[in-house]
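**Student:** need a structure here:
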Amino acid sequence: MEQKNRHLLFTLITGLLFFLGVGVYATSLVHPYVSAYLAANIPFLALALGLILSHSAVLKEPLIGLVTETNAWSWRLALLAAGSYLAVTALFTVISALRYPQDYHALRIPLLKRLGFIATALIITPIQTTGEEILFRIIPLKLMKKIQSKAIKALVPTLIFTLLHLANREIAQSQNRLAVLLYYALFGFIPSYIAVRSDRYEFPLAIHAANNLFVVLFCNYEHSSLPSLPLFTSTRPVGTWMDILQLTAALISAWLIIGQSSRRGPHGPNLSHHPACGSALGGSMSQHHQQRLSPKSASNLSSCSSSNWRTRYSYASSSLSLAFLLWCQYPYLASKSSSL
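**Tutor:** Okay, here's the model as predicted:
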């Protein structure tokens, strides 16, 4: 076994021990004295501590190596993915609130308490999601580097994510358990497949953080596994096919907007890998390479960039339009199916 894989296995085992051992034990000790939000996140804080100790303190390797393949992290990609996902999720939530206003309730708490919770959540929730992503998605994907099939590699984190969430309250309280399981499976598969295709992990890390921050800070729901103090709480049923539609639209829209790593055009090679066209995920070339471009190549760069962005936004808009069409027709379709 290669040294890199041995280090990854050591980090994985240490993280699991801290998550399931130290974290669970610490939660049992402090649960009566802390908020439900902190109690739910203590195991993930222990997980983060285990990852730091094993990878950085013991193995003396940079932590950035756990979330990248090249030790080069792109905040631009992460923010673009998170922003796209949040925009679609917020849009669906607003439409739902306008259609079912009786199911959405503002949570009124003192301003200082609200600001304190926001500050706490902006620190703790990204730690929670990052630790979960590293342990259950990124390290397994890194350990499967020699497997050629991208779909098979993506299926492993999918299975892990689905099994990991079987104990969540949403399963027991859901309107449709199959829909909830499919929701978890999609959240496991699509980001994993994008990570495998691009050989980058900004997308799953950003999407997971954006999803949980939206739930924790903006709109949570009854029987949530992420107890918090959001601006609004929803009493809408959990585990519906509309949830699947919302998740799929958000993930695919974010994916289309940031681009795909190995995408090929319908009539030719992948333009995103053209020497004048930056990286496949929308990254740009170095200043050194830009300075060496001929005027013709510089023109191609501008043309490719403009064309790629128009194509991505066109696909994203089309997917959103289809999603909203299905959303608007959902009550009619549901009534028809129930009458059959």
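**Student:** which secondary element of this protein has the worst mean pLDDT?
**Tutor:** Using mean pLDDT, DSSP states H and E, helix 287-291 stands out as the lowest-scoring helix or strand of the chain, at a mean of 46.
**Student:** do you know how far Ile257 is from Ala39?
**Tutor:** In this view, Ile257 and Ala39 are 36 Å apart by CB to CB, to the nearest Å. For the C-beta atoms, the positions are set from N, CA and C on the backbone; glycine is no exception.
**Student:** And Gln128, by the same measure?
**Tutor:** 12 Å.
**Student:** what about those two, which has more around it?
**Tutor:** Between Gln128 and Ala39, counted using other CB atoms under 10 Å, Gln128 has the larger neighbour count: 24 against 17.
**Student:** For that one, list the residues it contacts.
**Tutor:** Asn41, Phe44, Leu45, Asn212 (CB atoms under 8 Å, 6 or more residues apart in numbering).
**Student:** try Ser225
**Tutor:** Ser225 makes contact with Ala40, His165, Asn168, Arg169, Glu170 under the criterion CB under 8 Å, 6+ apart.
**Student:** Assign it to helix, strand or coil.
**Tutor:** Following DSSP: H, G, I helix; E, B strand; the rest coil, we place Ser225 in the coil state.
**Student:** pLDDT wise, what is it at?
**Tutor:** For Ser225, the model assigns a pLDDT of 92.
**Student:** where does His105 fall, phi/psi-wise?
**Tutor:** With angles defined as degrees, to the nearest 10, His105 sits at phi -130, psi 130.
**Student:** Across the sheet, point out what pairs with it.
**Tutor:** Legend: beta-bridge partners of His105 under DSSP bridges are Thr233.
**Student:** so it touches Pro230, yeah?
**Tutor:** No: taking contacts as CB atoms under 8 Å, His105 lies outside contact range of Pro230: 10.2 Å.
**Student:** And what about Ser228, helix, strand or coil?
**Tutor:** Here Ser228 is recorded as coil under three-state DSSP.
**Student:** does it really touch Ser35, like I thought?
**Tutor:** No: counting by CB under 8 Å, Ser228 stays clear of Ser35, with 9.0 Å between them.
**Student:** which of the two has more neighbours?
**Tutor:** Higher neighbour count among Ser228 and Ser35: Ser228, with 22 against 13, using other CB under 10 Å.
**Student:** In terms of pLDDT, where does the closest residue in space to that one that isn't next to it in sequence sit?
**Tutor:** Spatial nearest neighbour of Ser228, chain neighbours left out: Val216 (4.1 Å); criterion: CB to CB, 6 or more residues apart in numbering. pLDDT recorded at Val216 is 97.
**Student:** Likewise for Lys145?
**Tutor:** Lys145 carries a pLDDT value of 89.
**Student:** can you check Leu8 too?
**Tutor:** Reported pLDDT for Leu8: 95.
**Student:** again, but for the one 5 residues further on
**Tutor:** The score at Ile13 is 96. That number is its pLDDT.
**Student:** returning to what we had before: which residues are in contact with the residue nearest to Ser228?
**Tutor:** Tyr37, Ala121, Thr125, Leu226, Ser228, Pro230.
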